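**Student:** heads up, no residue letters with this:
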Ligand code: XMP
């Protein structure tokens, strides 16, 4: 691609994706690469700058990740963050030591003084707060470097060798708690690496369309469309690139939110593509009949999805390319250890084996979620589709606790719609990351008019989160909760109680099953 690249060299830190997002937010393209990537491969990316991430190790640990010494000879500016800073010092003749008795060890917000003559800190206040998280510190600064920042506990918070363009900071500029972190990254990218910017989705769209056309030629492309943001944007991009050669198979499993299937279908009417909507509600409900255990439900839905898709694919015959909406966080995270399986997430990732195709194409593979949304807007997808909150593959089946029936799904759809509608009317949509209704399997006694009711309790769930791995429950104003509750019990039959979930994740998960 014609844009400039910054390499984020991953030494195992917690914030690596965040660094990458911060760099892209500044209009500069970057890629996260493991520290083990061969030097030749990194050189081939022709980086204008390299950022060493933090990491859990200590540079003296024999098993600690090390940097290839060849990186320092490329003539490319390097910014080392936290462990990355210590690596820089260690490799270039400085000395890193373990902080004794807590001296020079810092965690959390720390008042820091900067040398604003240093290019990294130019134009910024001489004093501000940074976010630290380090046990080791630089005892001796390498030759050619000068000290560029200090804190009360640590004299060596930042080092700089302006001639070679090497900078190291003990704190995390990518974290919002570092008051001027974004401006420091900007200085590194624009003043030190000489980046010219220009990484925008408008530019990306043109490049991606050209590349897709070159790759696909006259070939046939098949895409499984779930209606979620990623597969919808992938479909829109392909539709724009090679419209008539694309077939989108949209398996409507009947577990969508109110009107969602129609909305997805309508959005694609603007392109000349073959759009197949398979109405498979009955098939899915038949498979779910009598299934109450969460994992069994997920499995049943995943298997049926593949079967339905397979049947459609067989009708289409051989295709050249199978397209998928994989996005960059999936790419970075894949291979990230073997954590315990809490829930078996059902995605279309299980498809390739069942379709006859030559190659997989993943046109969003290098984009973060916010970039995917922006690209969707550039392509003219409606806002309700691109700003859609995440929705699980198994759909409402895992928000309908226990047995799933059409009747229960319909109640849930109505209640969920009311909740979303009231949130939108209160102008709160943008302030929460995921919010939905759950039909519990608890029934309780109520009174309506003069009569007794014995009906379902509906739970409302709303979370605020940046990564969906941990989440806090949203403090929705009582007045809004009150309106939602009143409307649901009045408008939706068989619900006589509304509960608000005040559990964070962990210990709960976001979804109920
Ligand atoms: P949990 O419930 O694990 O959810 O805290 C974390 C995030 O993942 C979504 N989720 C899924 N997404 N297929 C998906 O594509 C799934 O099977 C699935 N299960 C949960 C959930 O909505 C939340 O955003």
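**Tutor:** Looks like it arrived, so ask away. Here the structure is a predicted model, which means the values were calculated and not measured.
**Student:** every contact and neighbour count from this point should use C-alpha atoms.
**Tutor:** Will do.
**Student:** residues contacting residue 10?
**Tutor:** Contacts for residue 10 were tallied using CA atoms under 8 Å, 6 or more residues apart in numbering; they are 16, 32, 33, 34, 35, 52, 53, 54, 55.
**Student:** at 10 Å instead, please
**Tutor:** 16-17, 31-37, 51-55, 65, 84 (CA atoms under 10 Å, 6 or more residues apart in numbering).
**Student:** same check on residue 365?
**Tutor:** Contacts of residue 365 by CA under 10 Å, 6+ apart are 234, 324, 325, 326, 327, 328, 329, 330, 331, 332, 372.
**Student:** over to residue 224?
**Tutor:** 231-232, 234-235, 247-251, 276, 309, 313, 322-325, 348-349, 351.
**Student:** in strands, which of the residues you listed appear?
**Tutor:** Among these, the members found in strands (DSSP state E) are 247, 248, 249, 250, 251, 276, 322, 323.
**Student:** now residue 298: how far from the ligand?
**Tutor:** Separation of residue 298 from the ligand (CA to the nearest ligand atom, to the nearest Å) stands at 7 Å.
**Student:** ignore the last one, residue 238
**Tutor:** Relative to the ligand, and taking CA to the nearest ligand atom, residue 238 is found at 21 Å.
**Student:** tell me where the protein has helices.
**Tutor:** According to DSSP state H, the chain carries its helices in the segments 16-25, 39-44, 83-91, 181-186, 201-216, 229-242, 260-267, 281-288, 294-316, 328-333, 369-378, 383-386, 406-425, 478-491.
**Student:** quick check: angle from the fifth one to helix 369-378?
**Tutor:** With axes from the mean of the first three to the mean of the last three CA atoms, to 10 degrees defining the directions, helix 201-216 sits at 80 degrees from helix 369-378.
**Student:** flag every buried residue along helix 201-216.
**Tutor:** 201, 204, 205, 208, 209, 212, 216 (16 or more other CA atoms under 10 Å).
**Student:** residue contacts, the fifth one?
**Tutor:** Residues in contact with residue 209, defined by CA under 10 Å, 6+ apart, are 215, 237, 238, 239, 240, 241, 242, 363.
**Student:** burial measure for the third one, as a count.
**Tutor:** By the criterion of other CA atoms under 10 Å, residue 238 has 28 neighbours.
**Student:** check what pLDDT the spatially closest residue to it that is not a sequence neighbour gets.
**Tutor:** The shortest distance from residue 238 to any non-neighbouring residue, by CA to CA, 6 or more residues apart in numbering, is to residue 246 (7.1 Å). Listed pLDDT for residue 246 reads 97.
**Student:** quick check: residue 246 touching residue 272?
**Tutor:** Yes. Judged on CA atoms under 10 Å, residue 246 makes contact with residue 272 at a distance of 8.9 Å.
**Student:** find the residues that touch each one of these two.
**Tutor:** Residues touching both residue 246 and residue 272 (CA under 10 Å, 6+ apart) are 239, 240.
**Student:** comparing the two, which shows the higher neighbour count?
**Tutor:** Just comparing residue 246 and residue 272: by other CA under 10 Å the higher neighbour count belongs to residue 246, 25 against 14.
**Student:** go through the ones in strands among the contacts of residue 224 and name the one nearest residue 59.
**Tutor:** Using CA to CA, residue 323 comes nearest to residue 59 of those, at 42.2 Å.
**Student:** report the separation between that closest one and residue 76.
**Tutor:** Taking CA to CA, to the nearest Å as the measure, residue 323 falls 36 Å from residue 76.
**Student:** who touches residue 331 in this structure?
**Tutor:** So residue 331 contacts 32, 365, 366, 367 (CA under 10 Å, 6+ apart).
**Student:** swap the cut-off to 6 Å and go again
**Tutor:** Not one residue lies near residue 331 by CA atoms under 6 Å, 6 or more residues apart in numbering.
**Student:** and it, how far is that from residue 369?
**Tutor:** Look at residue 331 and residue 369: by CA to CA, they are 12 Å apart.
**Student:** once you drop chain neighbours, what's closest to residue 195?
**Tutor:** In space, residue 195 is closest to residue 189, 5.6 Å off (CA to CA, 6+ apart).
**Student:** can you give me the neighbour number for that neighbour?
**Tutor:** Counted with other CA under 10 Å, the neighbours of residue 189 add up to 25.
**Student:** picking that back up, just the buried ones from the contacts of residue 224?
**Tutor:** 231-232, 234-235, 247-251, 276, 309, 313, 322-325, 348, 351.
**Student:** check those against the ligand, which are close?
**Tutor:** Of the residues in these, proximity to the ligand by CA under 6 Å from any ligand atom holds for none.
**Student:** poorly predicted segments of this structure, please.
**Tutor:** Scanning the chain for pLDDT under 70 picks out the ranges 1-2, 100-104, 333-350, 352.
**Student:** domain ranges for it?
**Tutor:** Following the assignment in automatic domain parsing, the chain carries domains at 5-192, 201-386, 400-500.
**Student:** among the ones you listed, show me which one is buried the most.
**Tutor:** domain 5-192 (a mean of 19; mean count of other CA atoms under 10 Å).
**Student:** residue 147 and residue 509: what is the separation?
**Tutor:** Distance from residue 147 to residue 509, by CA to CA: 45 Å.
**Student:** does the residue nearest to residue 238 touch residue 221 like I think?
**Tutor:** Yes. Assessed by CA atoms under 6 Å, residue 246 is found in contact with residue 221 at 4.8 Å.
**Student:** quick check: closest non-adjacent residue to residue 136.
**Tutor:** residue 98 (4.3 Å).
**Student:** how about residue 378?
**Tutor:** That would be residue 202: by CA to CA, 6+ apart, it lies 6.4 Å from residue 378.
**Student:** distance of that neighbour from residue 98?
**Tutor:** Going from residue 202 to residue 98 by CA to CA gives 47 Å.
**Student:** now swap in residue 77 and tell me
**Tutor:** Taking CA to CA as the measure, residue 77 falls 27 Å from residue 98.
**Student:** just residue 242 next, same as before
**Tutor:** 58 Å.
**Student:** circling back: what's the farthest-apart pair in the contacts of residue 365?
**Tutor:** Using CA to CA, the two most remote members of those are 234 and 332, lying 18.6 Å apart.
**Student:** now the closest residue to residue 396 other than its chain neighbours. Its backbone dihedrals?
**Tutor:** Here the nearest residue to residue 396 in space, its sequence neighbours aside, is residue 255; by CA to CA, 6+ apart that works out to 5.0 Å. Dihedral angles of residue 255 (phi, psi; degrees, to the nearest 10) stand at phi -110, psi 20.
**Student:** double-check residue 255 against residue 398; I have them as touching.
**Tutor:** No. Applying CA under 6 Å as the test, residue 255 and residue 398 come out as separate, 9.3 Å apart.
**Student:** what's next to stretch 487-501, contact-wise?
**Tutor:** Against stretch 487-501 from outside (CA under 6 Å, 6+ apart): 415, 455, 456, 457, 458, 459, 460, 461, 485.
**Student:** who touches the third one in this structure?
**Tutor:** Taking CA under 6 Å, 6+ apart as the criterion, residue 456 is in contact with 442, 443, 495.
**Student:** try it again at 7 Å.
**Tutor:** Neighbour list for residue 456: 440, 441, 442, 443, 444, 494, 495, 496, 497 [criterion: CA atoms under 7 Å, 6 or more residues apart in numbering].
**Student:** from residue 157, how far off is the nearest residue to it once chain neighbours are set aside?
**Tutor:** Distance criterion CA to CA, 6+ apart; nearest residue to residue 456, sequence neighbours excluded, is residue 443 at 4.3 Å. Residue 443 sits 59 Å away from residue 157, going by CA to CA.
**Student:** now do residue 376
**Tutor:** 41 Å.
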